[in-house]
Every structure is written in structure tokens, then in C-alpha cells.
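Novice: Starting from these lines, generate the structure:
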Amino acid sequence: MLELLVGLAVLVGLVGIVVPVLPGSLLIGAGVLVWAAVTNTTAGWLVFAASATLLATGALVTWFIQARHTRAAGVPGRSLVAAGIAGIVGFFVIPVVGLLLFFPLGLFLAEYARLREPRRAWASALVGLKATGLGMIAELGLALAAAGVWLAAVLSGV
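Specialist: Sure, this is the predicted structure:
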């Protein structure tokens, strides 16, 4: 039963990385931490340590990718924050799909308000969207590796 609940937390966490309204990596880490604490074996704690390392690396890589690409294009952090807020609002206005619509729209509008030129604002928004996508892919890949470490331990009977 424990493995099923932790597996559900891991699955929801993976979805949370793609739909950034949920704290994806934190859910995965918390689930594996609960599993390690309940099993309370050396192997369980090693699995948690490996998973936590992969998840932390994913968060750092995501941050570096986004920061490098957006800084290089001159996109300020406040534009990304505005886009994030717009995405969260959109998620509740039009469930799930609204996030995918409102985030890019919010980024474009923030950049348009800053640059006052539609073409430059769109080009800047595209850089922000690409950086966000690349970061998401990196974090998802490392979160899948962390989930795989936990699943391998469960399937091997640790």
C-alpha cells in the first residue's frame, strides 16, 4: 500500500513538472522521503539520497538554462514572473489549457509593455518560452531518473 501511495505521489509530481501549478520535484522528493523513512533501511535511505540528488540537480539545471537564455536575450525576470502569474490565473480560468495559453500571452504582453514594439516583444517572448521549455525538459528528465531509481528499488524488493 505504501508503494502505491508513493508511486501516486511520484506520478503526480511528474505531471507537476509539465503543468507547473504543482510542485513536481518536491512531491517526488517528499514521496521518496516518506518511503525511505517508513522502510528505514540503509538501501532505502541511499535511494532517497540518489533521488534527492537527481531532483536537486534538475532544479539547478532548469534554473541555469532559463537564466542563461533569458539573460542573453535581455528578458528581465519580472517578465517571466508576470508570465507565471498569468499562467496560474489562466489555469483556473480555463483549467489546464489556460496555463498553456496565458503563460505565453502574459510573457508577450510583459515584453510589449517593456519594449513597445510588437516584433521585438514577440522575439523576446519566444526566447523566454524556449528557455522555459528546455528547462522543463531537463527537470523532467532528471525527475524521471529519480523516479526510476525509486521504482528499481521497489521492484528489487529493497
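Novice: elements contacting the least confident helix or strand in the chain by mean pLDDT?
Specialist: The weakest-scoring helix or strand in the chain, judged by mean pLDDT, DSSP states H and E, is helix 77-93 (a mean of 89). Contacts defined by 3 or more C-beta pairs under 8 Å, 6 or more residues apart in numbering; DSSP states H and E place helix 77-93 against helix 42-73, helix 97-115, helix 118-155. To be clear about C-beta, it is placed using only N, CA and C from the backbone, and glycine gets the same treatment.
Novice: Just want the angle from it to helix 118-155.
Specialist: 70 degrees (axes from the mean of the first three to the mean of the last three C-alpha atoms, to 10 degrees).
Novice: ok and helix 77-93 relative to helix 42-73, angle-wise?
Specialist: Going by the same axes, to 10 degrees, helix 77-93 makes 120 degrees with helix 42-73.
Novice: got the helices and strands packed on helix 77-93 as JSON lines, with distance to L33 columns?
Specialist: Listed next are these as JSON lines, based on distance: least, C-beta to C-beta, whole Å:
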{"stretch": "helix 42-73", "distance to L33": "6"}
{"stretch": "helix 97-115", "distance to L33": "28"}
{"stretch": "helix 118-155", "distance to L33": "10"}
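Novice: Switch these over to CSV; also include mean neighbour count.
Specialist: Output for those, formatted as CSV (neighbours: other C-beta atoms under 10 Å):
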stretch, mean neighbour count
helix 42-73, 17
helix 97-115, 19
helix 118-155, 18
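Novice: And those: which comes nearest L8?
Specialist: For L8, the closest of the helices and strands packed on helix 77-93 is helix 118-155, at 11.8 Å, according to C-beta to C-beta.
Novice: can you give me the angle the closest one makes with helix 97-115?
Specialist: Using the same axes, to 10 degrees: helix 118-155 against helix 97-115 is 140 degrees.
Novice: any idea which residue sits dead centre in this protein?
Specialist: Per C-alpha atoms, centre = their mean, the C-alpha nearest to the average position across the chain is that of I17, at 3.5 Å.
Novice: Identify all contacting residues around the helix or strand where A37 lies.
Specialist: A37 belongs to helix 24-39 when elements are defined using DSSP states H and E. Applying C-beta atoms under 8 Å, 6 or more residues apart in numbering, the contact partners of helix 24-39 are 2-3, 5-7, 9-10, 12-18, 44-45, 47-48, 51-52, 55, 58-59, 139, 143, 146-147, 150, 154, 158.
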